[in-house]
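Undergrad: Return a 3D structure for these sequence lines:
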Amino acid sequence: MSRPNILLITSDQQHWDTIGAFNREIHTPNLDRLVREGTTFTRAYCPNPTCTPTRASIITGMYPSQHGAWTLGTKLHEDRHTVGEDFSAAGYTTALIGKAHFQPLHGTEEYPSLEAYPILQDLEFWRSYKGPFYGFDHVELARNHTNEAHVGQHYALWLEEKGCTNWRDYFVAPTGTMDRAIKHTWPIPEEFHYNTWIAERTNAVLEQSKAGDKPFFLWSSFFDPHPDYLVPAPWDAMYDPDNLTIPSISTGEHDRNPPHFAMTQEERPDFSHLRETGNGIHGYHSHLTPESERKQLVATYYGMISLMDKYIGRIMDKLDELDLTENTIVVFTTDHGHFFGQHGLQHKGGFHYEDLMKLPFIVRYPDHVPSGVQSSAIQSLVDLAPTFLSFCGIDIPPIMTGVDQSEVWRGSNVCVRDHAICEFHHEPTTIHQKTYIDERYKITVYYNQTYGEIFDLEQDPQERHNLWKDPAYQSLKSELLLKYIWAELGKEPMPMPRIWHA
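TA: Below is the predicted model:
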C-alpha cells in the first residue's frame, strides 16, 4: 500500500464546543461529517493559548519553552528542525496554505521577519516567493484576521487576479488601520473572502500532488473564527442572538482565584505593574461587555465558523473527487480555544481554563482510525508531528518531545499520555505560568508567586471552585506539584543515544 497523505486543517481560536455534532445551536455539516467518519478526541490541549508558540509547536513537535518562540512577538528561528523537512526528505510534497504566524509582525535587523512590514505588503516579492519556508516546499500565505490592515502576501495577489483590485476598501480604513467602525457584518463579498482563497489554493495543491503521483503533507490553515468578529452576508444573519446560549460569570467565582481574574471584571483595571516592557498582556484588561453585544458576538462567531465549515467541505469534496480520501489522514483542530463569556472573559489571555486550552480535535483515516468514536485519551498539539511521521513510516527525530499517538488514533491503545502541559509567558519576571492537566485534576503555577489554581475536572467541570487554598486539598496540592515537576523534568529533548559507559 502507498504511504498515506497528511492533510492538517486548522482554524484559529475556536472553542472546543463549537461543532454541530455536539452543539445543536451551531451548524457545521462538514465538520459533522468528519465526526461521523473519524474519531473525536475530547481532551486535546494546546501547549500555549496564543498563536505563534502553538503553531511553532505543531511543526517542531516541541514545547514553546524548547523551540524558542515562547510568546507573540517572538520568532521561530529558521534553524529549528521542522516536520516538513522530514517529509521532504522522505519524498513528500510539503505545502502550507493560509496562516503561518511563525514570525512577528515587526521584524528587526537582528531578527528579520518575512511576515513583517514592509515586506508583508511588497506584492512583487510575494509574486515570486513561494518557499521554502520552515520545511514547507510550497507556501501561499496571508496574515489576516478579518479586515485588519495586515492584508498582503499571496492572498492580496489572488484578490487582484480575481478582479478585486479595490481590495483595500475592505481591509484598510482611511487611517491605514483596521476599520473599527465596522461591526459584525463585513461588506466583503464571499467570493473574495480568505476562506474561499484557502480552499481554492488547497485544492490546487491537491490536484498537483495527484497529477505528480507524490504523497503530500499539506497544512490548510484558516484564519477564522479569530476576532475581530466579522462575517459577510448571509452568514452575518444566520444566527439569532436571542436564541443562543450565552455563557456568563457565576457570582463570586473569582474570589479564590489569583488577583488578575477579578480585575478583568472592573471598569478600569490597573495592570501597569505587569508591563515592564510597556506592552500590554493578552487578556489583562477589562472584559466587561454589554449583554446585547455579548449575544451578538456569539452569533457572529458562530457565523464565522459556519462559513469556514462550508469551505472545509470544499476541500473534503476535492479529496473525494481526486480519489484521495481513502489514503489521506485528515486532522481537524485549532491552535487554541476562546472565551465568549465563560467566567466573564472574552477572547484569550493568561487564564488557563478548559475553554482556552482544550481544542476541537478530529482524526479521519478510513479503515485505520475508528469512525464515529469519541475518545478521552489526552492529546497535545506537540504530538502531531511525531504521530504523522509514525503513520508514514518515517523515523521520529530525537529532538521532538511530543509523543507518538498513532496507536491511540488507531484504537489499539487506550492512551499514551497521562498528562498535558500548557505554558503562557509574557515576560519571564511578570507573567509566566504553566498548567499540568491529568485525567482528573489540573494545577496552574506562577513564577515567583504563591497563588495558583487547582480544579477537579470530574466534580467541577465548569471550573468554578479553585481548590488551591482549601485546607482539605493540601495533600492533593503537594501531589500535583510533584507530578508537575516530574513532567517538566521529563519533557527535555532526547539526547543522542548512550552507547558506552565512558
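Undergrad: in the chain, which segments are predicted with low confidence?
TA: In the predicted model, the chain carries pLDDT under 70 at residues 1, 275-280, 427-429, 496, 498-502.
Undergrad: okay, which residue is most central for it?
TA: Residue closest to the mean C-alpha point of the chain, counted by Cα atoms, centre = their mean, is Asp335 at 0.6 Å.
Undergrad: got the contact list for that residue?
TA: Shown in contact with Asp335 (Cβ atoms under 8 Å, 6 or more residues apart in numbering): Thr10, Ser11, Asp12, Gln13, Cys46, Cys51, Thr54, Arg55, Ile58, Leu381. Glycine gets a C-beta too; all of them are placed from N, C-alpha and C.
Undergrad: What residue, apart from its backbone neighbours, is nearest it spatially?
TA: Nearest residue to Asp335 in three dimensions, chain neighbours excluded: Thr54, at 4.6 Å (Cβ to Cβ, 6 or more residues apart in numbering).
Undergrad: what about that neighbour, distance to Thr289?
TA: 26 Å (Cβ to Cβ, to the nearest Å).
Undergrad: Looking at the two, which one has more neighbours?
TA: Using other Cβ atoms under 10 Å as the criterion, Thr54 and Thr289 rank with Thr54 on top: 25 against 16.
Undergrad: Touching, the more buried one and His336? I think so.
TA: Yes. Using Cβ atoms under 8 Å, Thr54 makes contact with His336 at a distance of 5.7 Å.
Undergrad: just to revisit the earlier point, which two in the contacts of Asp335 are spaced the farthest apart?
TA: Across the contacts of Asp335, the longest distance by Cβ to Cβ is 14.6 Å; it joins Gln13 and Ile58.
Undergrad: Contacts only, for the residue nearest to Pro247 when sequence neighbours are not counted.
TA: Distances taken as Cβ to Cβ, 6+ apart place Gly341 nearest to Pro247, at 3.8 Å, with adjacent residues excluded. Taking Cβ under 8 Å, 6+ apart, we find Gly341 in contact with Ile246, Pro247, Ser248, Ile249, Arg294, Val298.
Undergrad: In contact with the fifth one, which residues are there?
TA: Under the criterion of Cβ under 8 Å, 6+ apart, the contact list for Arg294 reads Ile246, Phe340, Gly341, Gln346.
Undergrad: give me the element Asp317 is part of.
TA: helix 291-321 (DSSP states H and E).
Undergrad: Check the spacing between the residue nearest to Pro247 and Ile9 real quick.
TA: Using Cβ to Cβ, we find Gly341 at a distance of 27 Å from Ile9.
Undergrad: Overlap in contacts, Thr54 and His336.
TA: Cys46, Asn48.
Undergrad: now the strands for the stretch 351-500 of the chain?
TA: Assigned by DSSP state E, counting those that start in this stretch, the strands in the stretch 351-500 of the chain fall at 358-359, 361-364, 373-375, 379-380, 420-425, 432-437, 441-446, 452-456.
Undergrad: Just checking: what are the partner strands of the last one?
TA: Just to be clear, that refers to strand 452-456. Sheet pairing of strand 452-456 (DSSP bridges) gives strand 441-446 (antiparallel).
Undergrad: Could you check the angle the strand it pairs with makes with strand 432-437?
TA: Per axes from the mean of the first three to the mean of the last three Cα atoms, to 10 degrees, the angle that strand 441-446 makes with strand 432-437 is 170 degrees.
Undergrad: Export strand 441-446 to PDB, keeping only CA atoms.
TA: Only the C-alpha atoms of strand 441-446 are listed here, as PDB (Å, rounded to 0.1, in the frame of the first residue of the first chain):
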ATOM      1  CA  TYR A 441      -7.100  17.400  38.000                       C
ATOM      2  CA  LYS A 442      -5.300  20.500  36.700                       C
ATOM      3  CA  ILE A 443      -2.900  22.700  38.500                       C
ATOM      4  CA  THR A 444      -1.600  26.100  37.400                       C
ATOM      5  CA  VAL A 445       1.600  27.600  38.900                       C
ATOM      6  CA  TYR A 446       3.000  31.100  38.500                       C
END
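Undergrad: Would you mind giving the contacts of Asp335 as CSV with secondary structure and distance to His352 added?
TA: Shown next, in CSV, are those (DSSP: H, G, I helix; E, B strand; the rest coil; distance: Cβ to Cβ, whole Å):
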residue, secondary structure, distance to His352
Thr10, strand, 21
Ser11, strand, 20
Asp12, coil, 19
Gln13, coil, 15
Cys46, coil, 10
Cys51, helix, 16
Thr54, helix, 14
Arg55, helix, 19
Ile58, helix, 19
Leu381, helix, 15
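Undergrad: Let's see the PyMOL selection covering just the buried ones among those.
TA: Command for PyMOL that selects the buried part of these, burial taken from 16 or more other Cβ atoms under 10 Å:
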select buried, resi 10+11+12+13+46+51+54+55+58+381
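Undergrad: Go through the contacts of Asp335 and name the one nearest Lys210.
TA: Set against Lys210, the nearest of those by Cβ to Cβ is Thr10 (22.3 Å).
Undergrad: surely the closest one meets Thr333?
TA: Yes. Assessed by Cβ under 8 Å, Thr10 is found in contact with Thr333 at 5.8 Å.
Undergrad: mind checking how far the residue nearest to Asp335 is from Ser221?
TA: The spacing between Thr54 and Ser221, counted by Cβ to Cβ, is 12 Å.
Undergrad: One more: Arg294?
TA: For Arg294, the distance to Ser221 equals 28 Å [Cβ to Cβ].
Undergrad: Show me where the stretch 151-300 of the chain has its strands.
TA: Residue ranges of the strands in the stretch 151-300 of the chain, as given by DSSP E, counting those that start in this stretch, are 184-185, 216-221, 230-231.
Undergrad: other SSEs contacting the first one?
TA: Counting contacts by 3 or more Cβ pairs under 8 Å, 6 or more residues apart in numbering; DSSP states H and E, strand 184-185 is packed against strand 230-231, helix 291-321.
Undergrad: buried ones in the longest one?
TA: Spelled out, it's helix 291-321. 294-316, 318-319.
Undergrad: SS state for Leu105?
TA: coil (DSSP: H, G, I helix; E, B strand; the rest coil).
Undergrad: Wait, it touches Pro118, no?
TA: No. If you go by Cβ under 8 Å, Leu105 and Pro118 don't touch, sitting 11.5 Å apart.
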